[in-house]
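Participant: build the 3D model from these lines:
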Amino acid sequence: MKRFSEDIESILVSEEEIDDIIEKTARQIDEDYKDKNLLLLCILKGSVMFFGDLLKKITVPAEIDFMRVSSYHGTESSGTVRILLDVDHGKLKDCDVLIIEDIIDSGRTLTYLCEYLKFKGAKSVRTCTLLDKPDRRLTDFVPDYTGVMIPDEFVVGYGLDYDEKYRTLPYIGILKPEVYKK
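Facilitator: So this is what the prediction gives:
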């Protein structure tokens, strides 16, 4: 049986680098939200590993919730954001929402979600991403917390997938083009 690691061209962000990013990000969130009513909002599915590890390091009181949105078909953004699983709107009132995302590409999804959550009653909305790919940005969106900026490569691992595969890799790797350009 073929192993997923055989499809990886190179490791872009190692396990150790991810751990360092999480530690640094959690410290900053603790400082920024020490006097806030924090709601950590995980965007499923790709963010779940980052979200879970970040939760272990954040020490300020926080509620958690989940959303699932879709804006991709294969490897390309469709330009349309669809909400597949919505947050409990009752939780939003008087909450300072911090959206936890795995990667920001075009910026469309998070631009939409920030406005949507404010409209639904969130006191404030900020964003935290593990990976930022600014070369692909189609909006002027800038995340509030960025783990690392990466080049315009197709990446998988640590929750990120291609065709629902590769999520379990413990690092972020560049997927060989022949895998997704079949």
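Participant: low-confidence ranges, this structure, go.
Facilitator: Scanning the chain with the threshold set as pLDDT under 70 gives 1-2, 72-79.
Participant: A strand includes Glu101, no?
Facilitator: Yes: assessed by DSSP: H, G, I helix; E, B strand; the rest coil, Glu101 belongs to a strand.
Participant: who does it form a beta bridge with?
Facilitator: Note on Glu101: beta-bridge partners Thr129, judged by DSSP bridges.
Participant: so what's the residue count around it?
Facilitator: 25 (other CB atoms under 10 Å). Every residue, glycine included, has its C-beta placed from N, CA and C.
Participant: doesn't Cys128 make contact with it?
Facilitator: Yes: with contact taken as CB atoms under 8 Å, Glu101 and Cys128 are classed as touching, separated by 7.0 Å.
Participant: what residues are shared contacts of the two?
Facilitator: Common neighbours of Glu101 and Cys128 are listed as Pro143 (criterion: CB atoms under 8 Å, 6 or more residues apart in numbering).
Participant: run the chain-centre distance for the longest helix along the chain.
Facilitator: Determined from DSSP state H, the single longest helix within the chain is helix 15-32. Here helix 15-32 is found 14 Å from its chain centre; the criterion is CA atoms, centre = their mean, to the nearest Å.
Participant: tell me what that helix is packed against?
Facilitator: If contacts are counted by 3 or more CB pairs under 8 Å, 6 or more residues apart in numbering; DSSP states H and E, helix 15-32 sits against helix 48-57, strand 124-132, strand 145-149.
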